[in-house]
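**Student:** Here is my input; please provide its structure:
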Amino acid sequence: MSGEITIIAIGGNATHPEETDGTADEQKRISNNIARKLGPLIKKEKRLIITYGNGPVVGKILLRQILSKDHLEPMPLDICVAHSQGGIAFLLVQAIENALRELELERNIATLVTRVLVSKTDPSFSNPTKPIGVFYTEDQAKILSDEHNWCMKEDAGRGWRYFVPSPVPKKVLEIKTIKKLLDEESIVLAGGGGGIPVIRGPDGDYEGIPAVIDKDHTSALMGKELGAKTLILLTSIPEVFLNFGTDREEKLTKCSRAELIKYNREGHFAEGSMKPKIEAAVEFLSNGGEQVLITAAENLEEALDGRRGSWFFSNKEAYV
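**Tutor:** The predicted structure follows:
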């Protein structure tokens, strides 16, 4: 097994696909499927971190609060992130343990409530950029905006969603504990939902702040802080495309960091969709990371063999 650190980030749409209702049984089944797909990676890597998105789930937690607000006091968004972080981890850790038993592997799994420091002056607090929850029609979005003061925007042509602040992660507060667990060769689940966002108050104490940090950017930051060499971003599609949705659509299988920066500047990747993943990939490769893979969970084994997925490298010499 490799001694280098690998980070695998499971997208919110991978754990909670758009076509599902989000029932407990569905989420258990999806978690079990993802865990089995991680099998080849778990066999290979002994220093493995698993992060995961929470966009669809935390949006539904907020919606439940809106529907029950006449009976229960709603919780702020940072506590909702904590709720989603724990709930998703519970499903994943059980699924991974079951998959390990099927593979006849003995590995310790640690799940860590993870806080991430952000700046209270981050521009996203005045211009929310992170879509969460389900899709709505334009009429539904207007009602939610008027009644609950939600910031509703169209999301990549797929419908309307609730957009919340998504500040840049500055520091993973539990990073020393994560490193210790990795040194013990534990599989570590951390940074769920991008981490629970906190700021430093006037007295130096940490305080929660309502936001949802992008988990791919948090994963890239973890990579920098830990010296990880590989970042794998699991999403709902097997590859990244240039000119997506047009008659000039082109599958992107391999490219360098410099080429990826160029494609991003040309506007190939949509806000709230693929663009945050591309920016996280560039960030990771710019800070000591060597390779990034973007693919779907069901294509992971093929992608690790080089037959599927989009691979990005720190320089062109790494793949030519």
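
**Student:** Is there a neighbour count for the residue lying closest to residue 26 once chain neighbours are set aside? I'd like the number.
**Tutor:** In space, and not counting its chain neighbours, residue 26 is closest to residue 20: 4.9 Å by C-beta to C-beta, 6 or more residues apart in numbering. All C-beta atoms are positioned from the backbone trio N, CA, C, and that covers glycine. By the criterion of other C-beta atoms under 10 Å, residue 20 has 14 neighbours.

**Student:** how far away is residue 20 from residue 154?
**Tutor:** Distance from residue 20 to residue 154, counting by C-beta to C-beta, to the nearest Å: 22 Å.

**Student:** can you map out the strands along the stretch 101-250 of the chain?
**Tutor:** 109-111, 115-117, 130-136, 152-154, 160-164, 171-172, 187-189, 196-200, 206-208, 230-235, 240-242, 250-252 (DSSP state E, counting those that start in this stretch).

**Student:** Out of those strands, flag the one nearest residue 51.
**Tutor:** strand 187-189 (7.7 Å; C-beta to C-beta).

**Student:** Residue ranges in the stretch 151-300 of the chain under the pLDDT threshold?
**Tutor:** 156, 272 (pLDDT under 70).

**Student:** on that earlier part again, my guess is the residue nearest to residue 26 contacts residue 31. True?
**Tutor:** No: the pair residue 20 / residue 31 is not scored as a contact, 12.0 Å apart, by C-beta atoms under 8 Å.

**Student:** so which strand or helix has the residue nearest to residue 26?
**Tutor:** Assigned by DSSP states H and E, residue 20 belongs to no helix or strand.

**Student:** Would you mind finding the longest helix in this protein?
**Tutor:** In the chain, taking DSSP state H as the definition, the longest helix is helix 77-103.

**Student:** relative to strand 196-200, how tilted is that helix?
**Tutor:** In terms of direction (axes from the mean of the first three to the mean of the last three C-alpha atoms, to 10 degrees), helix 77-103 departs from strand 196-200 by 140 degrees.

**Student:** buried ones in helix 77-103?
**Tutor:** 77-78, 80-85, 87-89, 91-93, 95-96, 99-100 (16 or more other C-beta atoms under 10 Å).

**Student:** same question, stretch 32-45
**Tutor:** Buried residues in stretch 32-45, counted by 16+ other C-beta under 10 Å: 32, 34-39, 41-42, 45.

**Student:** out of those, which one sits closest to residue 105?
**Tutor:** residue 42 (6.8 Å).

**Student:** For residue 107, the count of nearby residues, please.
**Tutor:** Counted by other C-beta under 10 Å, the residues lying close to residue 107 total 15.

**Student:** which residues sit in contact with it?
**Tutor:** Contacts for residue 107 (C-beta atoms under 8 Å, 6 or more residues apart in numbering) come out as 42, 100, 185-187.

**Student:** farthest pair in these?
**Tutor:** 100 and 185 (13.0 Å).

**Student:** Check the gap between the nearest residue to residue 94 once chain neighbours are set aside and residue 206 for me.
**Tutor:** Computed as C-beta to C-beta, 6+ apart, the closest residue to residue 94 that is not its neighbour in sequence is residue 31, at 7.5 Å. Residue 31 sits 30 Å away from residue 206, going by C-beta to C-beta.

**Student:** Between those two, which has more neighbouring residues?
**Tutor:** Shown here are residue 31 and residue 206; by other C-beta under 10 Å, residue 31 has more neighbours (23 against 13).

**Student:** if I look at that one, how far off is residue 147?
**Tutor:** From residue 31 over to residue 147 (counting by C-beta to C-beta), the distance is 34 Å.

**Student:** Repeat that for residue 58.
**Tutor:** Taking C-beta to C-beta, one finds residue 58 at 20 Å from residue 147.

**Student:** higher neighbour count, the two?
**Tutor:** Legend: neighbour count by other C-beta under 10 Å for residue 58 and residue 147, higher for residue 58 (28 against 9).

**Student:** Chain neighbours aside, what residue packs nearest to that one?
**Tutor:** Excluding its sequence neighbours, the residue lying closest to residue 58 (C-beta to C-beta, 6+ apart) is residue 84, at 4.4 Å.

**Student:** List the contacts of that neighbour.
**Tutor:** Contacts for residue 84 (C-beta under 8 Å, 6+ apart) come out as 54, 57-58, 61, 192-193.

**Student:** now, the most widely separated pair of these?
**Tutor:** The most distant members of the contacts of residue 84, if one measures by C-beta to C-beta, are 61 and 192, lying 13.2 Å apart.

**Student:** Between these two, point out the one with more neighbours.
**Tutor:** Higher neighbour count among residue 61 and residue 192: residue 192, with 29 against 20, using other C-beta under 10 Å.

**Student:** thought the more buried one was touching residue 85?
**Tutor:** Yes: using C-beta under 8 Å, residue 192 is in contact with residue 85, at 3.7 Å.

**Student:** who touches both of those two?
**Tutor:** Common neighbours of residue 192 and residue 85 (C-beta under 8 Å, 6+ apart) are 54, 114.

**Student:** pLDDT score for the residue nearest to residue 58?
**Tutor:** Predicted confidence (pLDDT) for residue 84: 95.
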